[in-house]
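Colleague: The sequence and its predicted three-dimensional model are supplied below.
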Amino acid sequence: MNKEIQRGLNDRLYEKRKAAALELEKCIRQCIEDDDDAKIRSIVDQLCHDFAYAVHQPNARNGGLIGLAASAIALGPHVAEYLEDIIPPVLACFGDQDARVRYYACESMYNIAKVAKGEILLYFNEIFDALCRLAADSELTVKNGADLLDRLIKDIVAEKAATYVSVIHTVPEPPPEPAPDDSDPTKPVLAHEPVQDPSNEPAFSLARFIPLLTDRIYVINPFTRMFLVSWITLLDSIPDLELVSYLPEIIGGLLNFLSDTNVDVRVATQGALDGFLNEIKRISELKRAVNEIKAQNAARAATTVAAKPASENKQLVSTDAAETGSIAEEFVTENGRPVSRTDGSAAENARPDIDDIDEDDATMSNRSMAAAIAEGVYLPGQDVKVDFAKVIDILLSHLDSTEQEIQLTVLKWIESFFEISPDDLLPFVPRFLSLLLPTMAHDNAQLRQAAEKVNDDLMQLIISLPHSVPEEARRGTDDESVESQPPTPSLPPPRPGLAAVRSISPAASRSMSPPAPLSRRSLSTDRIRARDDESIMSKLATAATTSTLPSPNMNAESAQEEGSRTPASKIELLLDYPATVNALTLHFLNEREETRVAALDWLIMLHRNASSKILAINDGTFPALLKTLSDSSDLVVTKDLQLLAQISYNSEDDYFASFMLNLLSLFSTDRKLLETRGNLIIRQLCVSLNPERIYRTLAEILEKEDDVEFASIMIQNLNNNLITAPELQGLRRRLRNLDTKDGTNFFISLFRSWCHNAVATFSLCLLAQAYEQAFHLLQIFADLEITVTLLIQVDKLIQLLESPVFTYLRLQLLEPEKYPFLYRCLYGLLMLLPQSSAFATLRNRLNSVSAIGYLHIVPPTAMLSSTATASGTSSAASNTAKQVYNRFKGRIDEARWNDLLDKFRTVQMRHERLRRQAQAGTGTGETGSDLLNGTRANSQSSASATPSAQTPAAQQVHHHRSALSFMSGTKSTGSPATGGGALGNSGNGTSVSGAVSGREGRMFRNRAR
């Protein structure tokens, strides 16, 4: 350059620099006319090194920038050869400390790009990186200049990125070398992009740009984020680039953008994500429809050729070819895009006009598209591959985000994947559940509802897998076997074009009818006029669904092949059952009730559909389920019991006995659980399982229990439920009807275990209407220690006798001749009780039928002997009394019943002995409350004592024994040392009240009354 131009470019004033630049432009134009390439390169080199790279001379840098822009303008179409020298110094000025230099760099690059147009794409990465930094510049003028340059670059990319090839056939930066393993699933690949010769490669390369975008997408500046979202939206809108193939590389950063404080960033990011989601939906449906149509055409051709004789094949092939040619006449291929041919004219680039489809031609249009695909017509997106597994992995990593908007977006995407690619979700089920279940207990209602919807969809997907069909249904051939199976949750019909992965059984798939042909009446006006790819995809999906649904005439072999597309072995490999169960078990410790309930619901579903794969009694999950019974939530305990009952249902006896043994062990170690949840647990198990099986198994275990105190408490709980629980009404009815051998054996098995609790054994006999045997038990009560606990239990039994459960017993008081021992049982209870509220309750009940009750005092033999002159009705009543009196003799012989009484006496003596040992071990004797409520002294040690040395408790026990002896009609066996002849054995014996004097006599007279 001459000296004048150099001085002008170094001047402080912008006007002088501009004038010098104009002179430089004229000089370069003259060099072009003279074809002096050496001088041009010398000028460019001088502008770069002497001006643009002058770091400490801002005026010189400004002059160099305007000079480079003037040189590019002067070069015009020849600028491509010099861009390698012009672009780098301008890019270097973007990072200058002086804001004016950065602004002039934007201005210079703008002018250069305006001249270079498509050639500037060779340096797109460098320009994009510079603009990404300038988008967050602190100077407003620099940001405005960068914005203008950004708009120009976007226009160039949108117009030329997909097709422009550089005229100089050089690529400044080669694409990265492919990975050694070409089958790496995490590597995004454009399947339809052919390997091109470097000389024909487009100037813009998405493969070279994605690494830069991946590095920049994790910025936190809102202006930079807005800049990145705008570029992602632009690149995604260019059909031939297929940015969606690289979705795994950018979706993580976009999800982070949703947490930005700037509303504009969140709105723009949400729009970009929605665009990606709609695009992968369209691509997925298109590829599925294309594959199904091709498979259907291939299968139809193979079947037709195999069915026709060889002589007819040629004629058939020619006919089919003619028909296919006529159908595909509307479609030709030009540059890989479908075009329409009308009136035999040349093809015009246009998609089929949906407005031209009439109602009668709708089916033909679907056939035309199928034929077009068969002829090789390319539809945009059909060869694009998206790594759905990697996308799901990234989505799940953001599901536990603290930002609700991110969580909602992730759930929205995952819900769409149930239609796009459900098989890719299966390997992530354990991890997905560990993140999804806590979200179902979120405080935000919208997020909670979205999580519940996704949870339901995932559960339906697991239920629809091949292994979910019960074995009986798969083996059964008649309708009865199918109807006898437990109901399976129904699934919504699959969307058109989707693979039939949600069919539950072959019967359900046979019951489906093909959808109606596409018609104008079934579409809205907006959908009819839509010309985008979604409309075409929906038509293709409808055609594919119509062609793939089984027809009524399909034979069994074809249906079997149709149902075996996804083998069960493949599904089992995709879904990790042990990991899923472990993930669900960990949620038993979650603090939210909704999460724990959801985890149990999942385990119930998994066990119902794959019981052979999960939840064995010997694995680590079973103890966790037992421990969950102590949960604070009744709903959690109910679900846990439902699962435990489901595991035990139809199991072997050893398995069931082991479950009952573990349950009793839990109750034994956790007495608080037994007190607070024992009744609930027993009742829920009786609802889900056979109550008789539960009670029989528990009775067998408790009969051999070493901890007699726990056995007594457990028997008391079981007995209370047996009497009061509505779920055990059938069991109570069975005990009242012991005419069968099984019923008798059931009663005996309960009796042997119930011996651990005296009052429970007595109430069991009342339930079974074994009143004679109940009275024999009361006689043994007289030899037992009357403790406070026993009296409290008797008090509760008196209250239960007034309940609706024992209505039949109270009505039987009206038939003393038929149930004589019932009166003796009730009067015996009255003799056991002190004069309390329960005593008054029972006495009032007996007094209400006192006139009738006197009949039971007369022995049956006396009644029979005194009715010689009675009517036939009285004789019949006496015979009935005999039959009821000997009620058990036909089912339990006397020797066997004596063994049961001995068993009862032995067990109770064992309880009494251990109780005394416990008192002796603690150094405590009989408490005042025990004495006051009837704790007796040892009758053997008191035999030699004087009457004045007896304790009040011993005297009261003596009165209990005397009263019970009186009720049985026998003499008192009391010790002579007691004196006074309590039951009239002193000789005169004619009056009970006369034989008893003092305080004791008054008490006994009250009882006798």
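Modeller: Right, received. Where do you want to start? Residues are numbered from 1 along each chain as shown.
Colleague: Can you report how many residues lie near the nearest residue to S633 once chain neighbours are set aside?
Modeller: Using CB to CB, 6 or more residues apart in numbering and skipping the chain neighbours, the partner closest in space to S633 is E593 (4.7 Å). The way it works is simple: take the backbone N, C-alpha and C, and place the C-beta from them, glycine included. Each residue near E593 was counted by other CB atoms under 10 Å, and the total is 15.
Colleague: With the one 5 residues further on instead?
Modeller: Taking other CB under 10 Å as the neighbour definition, A598 ends up with a count of 26.
Colleague: And the average pLDDT for stretch 83-103 is what?
Modeller: Stretch 83-103 shows a mean pLDDT of 93.
Colleague: where does the residue nearest to S633 land on pLDDT?
Modeller: pLDDT, E593: 93.
Colleague: Was I right to think it contacts A441?
Modeller: Yes. Using CB atoms under 8 Å, E593 is in contact with A441, at 7.4 Å.
Colleague: Does the residue lying closest to P248 once chain neighbours are set aside belong to a helix, a strand or coil?
Modeller: Counting by CB to CB, 6+ apart, P248 lies nearest to K390, which is 4.0 Å off, once chain neighbours are set aside. Classification of K390 using DSSP: H, G, I helix; E, B strand; the rest coil returns helix.
Colleague: For K390, the count of nearby residues, please.
Modeller: Per other CB under 10 Å, the neighbour tally for K390 reads 18.
Colleague: just the one 10 residues further on next, same as before
Modeller: Using other CB under 10 Å, D400 has 14 neighbouring residues.
Colleague: mind listing what it touches?
Modeller: L435, P438 (CB atoms under 8 Å, 6 or more residues apart in numbering).
Colleague: Roughly how far does it sit from N590?
Modeller: D400 sits 13 Å away from N590, going by CB to CB, to the nearest Å.
Colleague: Then R733?
Modeller: Relative to N590, and taking CB to CB, R733 is found at 42 Å.
Colleague: Poorly predicted segments of the stretch 251-400 of the chain, please.
Modeller: In the predicted model of the stretch 251-400 of the chain, residues 305, 307-380 satisfy pLDDT under 70.
Colleague: same deal with the chain?
Modeller: Low-confidence segments of the chain, defined by pLDDT under 70: 169-199, 305, 307-380, 467-573, 612-619, 650, 850-895, 921-1009.
Colleague: how close does the residue nearest to S633 sit to A162?
Modeller: 55 Å.
Colleague: cool, and T807?
Modeller: Noted for T807: a distance of 89 Å to A162, by CB to CB.
Colleague: quick one, which of these two is more surrounded?
Modeller: For the pair T807 and A162, the greater number of neighbours falls to A162 (15 against 10), based on other CB under 10 Å.
Colleague: which one is that one nearest to, not counting chain neighbours?
Modeller: Per CB to CB, 6+ apart, closest to A162 is D240, 3.8 Å.
Colleague: where does the one you found land in three-state SS?
Modeller: Three-state call for D240 (three-state DSSP): coil.
Colleague: isn't T841 right up against L797?
Modeller: No. Using CB under 8 Å, T841 is not in contact with L797, being 11.1 Å away.
Colleague: Settle it for me: which of these two has more neighbours?
Modeller: Neighbour comparison, T841 and L797: the larger count goes to L797, with 20 against 16 (by other CB under 10 Å).
Colleague: Would you mind confirming that that one is in contact with L833?
Modeller: No. Using CB under 8 Å, L797 makes no contact with L833, being 10.1 Å away.
Colleague: mind checking the longest helix of the protein?
Modeller: Secondary structure of the chain per DSSP state H: the longest helix is helix 263-307.
Colleague: Determine the set of other helices and strands touching it.
Modeller: Other helices and strands packing on helix 263-307, by 3 or more CB pairs under 8 Å, 6 or more residues apart in numbering; DSSP states H and E, are helix 222-237, helix 247-257, helix 310-327, helix 362-374, helix 404-420, helix 533-548.
Colleague: Hey, what's the angle from that helix to helix 222-237? Just curious.
Modeller: Relative orientation of helix 263-307 versus helix 222-237 (axes from the mean of the first three to the mean of the last three CA atoms, to 10 degrees): 20 degrees.
Colleague: What about the residue nearest to A162, how many residues nearby?
Modeller: D240: 13 neighbours (other CB under 10 Å).
Colleague: ok, it touching A158?
Modeller: No. D240 is beyond contact range of A158, at 11.3 Å (criterion: CB under 8 Å).
Colleague: so how far is D706 from the residue nearest to A162?
Modeller: Using CB to CB, D240 is found at 82 Å from D706.
Colleague: same check, this time on F904
Modeller: According to CB to CB, F904 stands 19 Å off from D706.
Colleague: Settle it for me: which of R733 and N590 has more neighbours?
Modeller: Neighbours per residue, other CB under 10 Å: of R733 and N590, the larger number sits with N590, 16 against 10.
Colleague: dump the residue contacts of the more buried one.
Modeller: L437, P438, A441, R596, A599.
Colleague: Just those residues: which are in helices?
Modeller: Among the contacts of N590, the ones falling in helices (DSSP H) are L437, P438, R596, A599.
Colleague: Considering those residues, which is situated nearest to A130?
Modeller: The shortest approach to A130 among those belongs to P438, at 43.9 Å (CB to CB).
Colleague: Give me the spatial nearest neighbour of that closest one, chain neighbours excluded.
Modeller: Leaving aside its sequence neighbours, P438 sits nearest to T595 (CB to CB, 6+ apart; 5.4 Å).
Colleague: Determine the number of other residues adjacent to that neighbour.
Modeller: 21.
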